[in-house]
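Student: Dropping a prediction and its sequence here:
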Amino acid sequence: RRKWLKMVKVLEELEESCDTTVFRLKQVVDAMAVEMHAGLASEGGSKLKMLLTYVDKLPKGSEEGTYYALDLGGTNFRVLRVHLGDQRSAILGQDIERQPIPQHLMTSTSEDLFDFIASSLKDFIEKEGNDLEQTSPRRRELGFTFSFPVKQSSVSSGILMKWTKGFAIEDMIGRDVSECLQLALSRKGLDVRVAALINDTVGTLALGHYNDEDTVAAVIIGTGTNACYLERADAIIKCQGLLTTSGSMVVNMEWGNFWSSHLPRTSYDIDLDVASPNPNDQGFEKMISGMYLGDIVRRVLLRMSKQSDDFGPSSSKLAIPFVLRTPLMAAMHEDDSPDLSEVAKILEEVLELPDVPVKVRKLVVKVCDVITRRAARLAAAGIVGILKKIGRDGSGGIASGKFRSNRPSRMRRTVVAIEGGLYTSYTTFREYLNEAMAEILGEEVSPYIVLRVMEDGSGTGAALVAAANSHPE
Ligand code: ADP
């Protein structure tokens with residue numbers, strides 16, 4: 001009994017330290033907006049890098065023609081062809097081929113990696129047959145989604161700052177990514193122009209804007225998390241005199257690295273950070289994204305297991321980092337069987353914890369709930385932070401005088417494109433995020449803010465940005 005109470009105490013302390021009241025979330029909103037300002041004011045002015053993308057023309061829906069895209073940035077690599085129609089926002093057809101990146105290429109040389117990419121594109125184009133050939137005599141144009149931190153020098157060029165996600169090809173760092181690709185394409189004899197170099201959030205924003213011109217920001221919550229949004233060029237102070245055709249530019253926030261003392265941090269977060277290959281980096285991401293949530297839960301369960309033998313033998317796998325992947329944690333969280341048999345199965349099969357009593361299984365579900373709820377609510381606060389920065393959160397106030405009315409008259413419909421497995425596949429996460437958005441924005445403003453899922457946005461969006469920046473010959 002004493003042991004049981006100790007386990008409950010671990011849960012209670014967790015709940016307390018993961019607290020995300022609306023008051024606290026609003027502090028995070030403000031901190032996000034402040035850091036965005038700081039990151040735009042000067043290079044290195046904030047943990048938010050606020051990278052320029054040079055994307056100043058988002059697709060409007062009137063683009064036409066056939067464009068290609070390559071999408072590299074996670075475990076899978078994709079080649080796409082997108083046919084754009086002459087009717088508004090009509091993607092007439094799309095072909096996608098996915099393949100895993102062979103492990104050895106992730107740590108070999110840039111030539112090996114880009115030769116592999118170019119060969120995949122060549123095979124893909126060769127399968128097209130001749131009919132398409134005749135209808136598209138002009139040179140092919142391609143958008144490249146490359147989801148690693150890049151310092152852009154134009155919409156179609158930029159140098160790699162560092163690798164993430166298990167890639168480590170030393171000779172690539174500091175080199176122009178498009179040029180590496182363009183050289184590899186020439187080696188294969190392909191006449192294809194790299195018309196755009198973007199990251200996945202920009203692709204998601206582009207597809208969002210193509211479908212709906214009220215789209216001003218995009219967020220990805222998958223293995224990692226990041227966001228981008230459309231900023232006024234004159235607000236990008238660190239780049240004085242920036243010339244853009246539209247007066248605005250997409251800024252890649254790299255928001256995974258956001259940090260604020262208002263974030264509800266626990267000892268589990270600190271331990272996870274210390275044990276990670278990038279301590280003190282990506283603090284926001286480590287509380288939110290799919291790469292980490294399962295492991296935070298594992299750390300809490302490990303602490304609980306040390307309080308009580310109800311958790312089975314200490315020989316369990318609970319001490320092994322990252323054994324509990326986030327989709328399995330989600331499966332436990334969403335187990336709706338009366339005796340939590342799915343929880344029991346995962347505890348036994350994945351963590352080697354057999355015969356865990358039902359009341360302890362309930363504690364496990366609760367731990368998953370606390371960690372997921374915190375993550376979803378913090379992501380919501382981040383999104384509202386962006387809206388606040390661009391004056392779309394309703395805090396600009398209700399117009400006074402004769403324009404006074406019951407609704408905030410300056411409010412405009414605002415769409416945020418969203419993508420990533422955590423949001424699209426983890427129902428409870430999605431519900432918590434949506435709920436927190438409404439709580440933070442309040443019932444007057446929240447109907448104006450729409451979160452819209454953009455499936456395959458990262459790849460399709462690159463083809464769209466290429467189309468918007470195409471130079472037909
Ligand atoms: P990536 O971010 O790797 O490019 P995705 O956007 O598809 O790809 O996100 C995949 C991530 O989403 C996985 O690493 C996992 O953490 C999370 N995820 C996928 N499916 C689920 C699920 N059913 N429940 C919880 N998390 C999931």
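Tutor: Everything's here; your move. No experiment lies behind these values; they were computed from the predicted model shown.

Student: Tell me what the residue nearest to R78 when sequence neighbours are not counted is bridged to.
Tutor: Counting by Cβ to Cβ, 6 or more residues apart in numbering, the nearest residue to R78 once its immediate chain neighbours are dropped is D71, at 4.2 Å. Any C-beta I mention is one placed from the backbone N, CA and C, and that applies to glycine too. D71 forms beta bridges with R78, T145, as assigned by DSSP bridges.

Student: doesn't F77 make contact with D71?
Tutor: Yes. Using Cβ atoms under 8 Å, D71 is in contact with F77, at 6.9 Å.

Student: hang on, the earlier thing: neighbours of the residue nearest to R78, how many?
Tutor: By other Cβ atoms under 10 Å, 27 other residues sit near D71.

Student: show me what contacts it?
Tutor: Going by Cβ atoms under 8 Å, 6 or more residues apart in numbering, D71 touches 77-80, 145, 200, 203, 458-459, 462.

Student: Take the residues you listed and write them to CSV, including pLDDT.
Tutor: Output for these, formatted as CSV (pLDDT from 0 to 100):
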residue, pLDDT
F77, 92
R78, 94
V79, 95
L80, 94
T145, 97
D200, 95
G203, 97
S458, 91
G459, 92
A462, 96
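
Student: V356 - that's part of a helix, no?
Tutor: No. Read with DSSP: H, G, I helix; E, B strand; the rest coil, V356 is coil and lies in no helix.

Student: How about the contacts made by it?
Tutor: So V356 contacts 310-312, 343-344, 347-348, 364 (Cβ under 8 Å, 6+ apart).

Student: Between the residues you listed, which sits nearest L25?
Tutor: Using Cβ to Cβ, V364 comes nearest to L25 of the contacts of V356, at 26.0 Å.

Student: Check the burial of the closest one by counting its neighbours.
Tutor: Counted by other Cβ under 10 Å, the residues lying close to V364 total 27.

Student: all helices for the stretch 201-350 of the chain, in order.
Tutor: Using DSSP state H, counting those that start in this stretch, the helices of the stretch 201-350 of the chain run over 267-275, 283-288, 290-305, 326-333, 341-351.

Student: Out of those, which is closest to the ligand?
Tutor: Of all these, it is helix 290-305 that lies closest to the ligand, at 2.1 Å by Cβ to the nearest ligand atom.

Student: what angle separates that closest one from helix 267-275?
Tutor: Here the directions of helix 290-305 and helix 267-275 differ by 120 degrees (axes from the mean of the first three to the mean of the last three Cα atoms, to 10 degrees).

Student: how far does helix 290-305 sit from the chain's center?
Tutor: In terms of Cα atoms, centre = their mean, to the nearest Å, the centre of helix 290-305 is found 22 Å from the chain centre.

Student: That helix near the ligand at all?
Tutor: Yes. Legend: contact between helix 290-305 and the ligand by Cβ under 6 Å from any ligand atom is shown at G290.

Student: Tell me the buried residues in stretch 451-469?
Tutor: 451-452, 454, 456-469 (16 or more other Cβ atoms under 10 Å).

Student: That one close to the ligand?
Tutor: No. On the criterion Cβ under 6 Å from any ligand atom, stretch 451-469 is out of touch with the ligand, staying 7.5 Å away.

Student: Report how many residues lie close to the closest residue to G158 other than its chain neighbours.
Tutor: Counting by Cβ to Cβ, 6+ apart, the nearest residue to G158 once its immediate chain neighbours are dropped is Q152, at 3.7 Å. Residues lying near Q152 (other Cβ under 10 Å) number 21.

Student: ok, now G420?
Tutor: A count of neighbours around G420, defined by other Cβ under 10 Å, yields 25.

Student: how about JSON lines for the contacts of V356, with pLDDT added?
Tutor: Listed next are these as JSON lines, based on pLDDT from 0 to 100:
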{"residue": "D310", "pLDDT": "81"}
{"residue": "F311", "pLDDT": "84"}
{"residue": "G312", "pLDDT": "74"}
{"residue": "V343", "pLDDT": "98"}
{"residue": "A344", "pLDDT": "97"}
{"residue": "L347", "pLDDT": "96"}
{"residue": "E348", "pLDDT": "95"}
{"residue": "V364", "pLDDT": "97"}
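
Student: List only those of the residues you listed flagged as buried.
Tutor: 310-312, 343-344, 347, 364.

Student: okay, and for the stretch 101-250 of the chain, where does confidence drop off?
Tutor: 129-138 (pLDDT under 70).

Student: What parts of it come near the ligand?
Tutor: 222-223.

Student: tell me the strands in the stretch 101-250 of the chain, going along the chain?
Tutor: Ranges of strands within the stretch 101-250 of the chain are 140-146, 150-154, 157-160, 192-198, 215-221, 225-232, 248-252, based on DSSP state E, counting those that start in this stretch.

Student: Verify the contact between S316 and S305 for me.
Tutor: Yes. Contact criterion Cβ under 8 Å: S316 and S305 qualify, at 7.0 Å.

Student: Which of those two has more residues huddled nearby?
Tutor: Taking other Cβ under 10 Å, S316 and S305 do not tie; S305 has more neighbours (23 against 20).

Student: Quick one: residues contacting the more buried one.
Tutor: 311-312, 314, 316, 318, 353 are the contacts of S305 under Cβ under 8 Å, 6+ apart.

Student: please redo it, this time with the cut-off set to 10 Å
Tutor: S305 makes contacts with 7, 10, 311-314, 316, 318-319, 351, 353, 356, 360, as judged by Cβ atoms under 10 Å, 6 or more residues apart in numbering.

Student: tell me which of those residues is nearest to the ligand?
Tutor: The closest of the contacts of S305, once distances to the ligand are taken by Cβ to the nearest ligand atom, is L351, at 17.1 Å.

Student: give me the number of residues near the nearest residue to T225 once chain neighbours are set aside?
Tutor: Closest residue to T225 apart from its sequence neighbours, by Cβ to Cβ, 6+ apart: S289 at 4.3 Å. S289 has 24 neighbours, counted by other Cβ under 10 Å.

Student: Kindly report the same for the one 3 residues further on.
Tutor: Per other Cβ under 10 Å, the neighbour tally for Y292 reads 24.

Student: distance of the residue nearest to G158 from A235?
Tutor: Distance check for Q152 against A235: by Cβ to Cβ, to the nearest Å, it reads 18 Å.

Student: so what's the backbone phi/psi at the residue of the stretch 101-250 of the chain at minimum distance from the ligand?
Tutor: Nearest to the ligand in the stretch 101-250 of the chain, going by Cβ to the nearest ligand atom, is G222, at a distance of 2.3 Å. The phi/psi pair for G222 (degrees, to the nearest 10) reads phi -130, psi -130.

Student: any idea how far T424 is from whichever residue of the stretch 1-150 of the chain sits closest to the ligand?
Tutor: Nearest residue of the stretch 1-150 of the chain to the ligand (Cβ to the nearest ligand atom) works out as G74 at 3.5 Å. Taking Cβ to Cβ as the measure, G74 falls 15 Å from T424.
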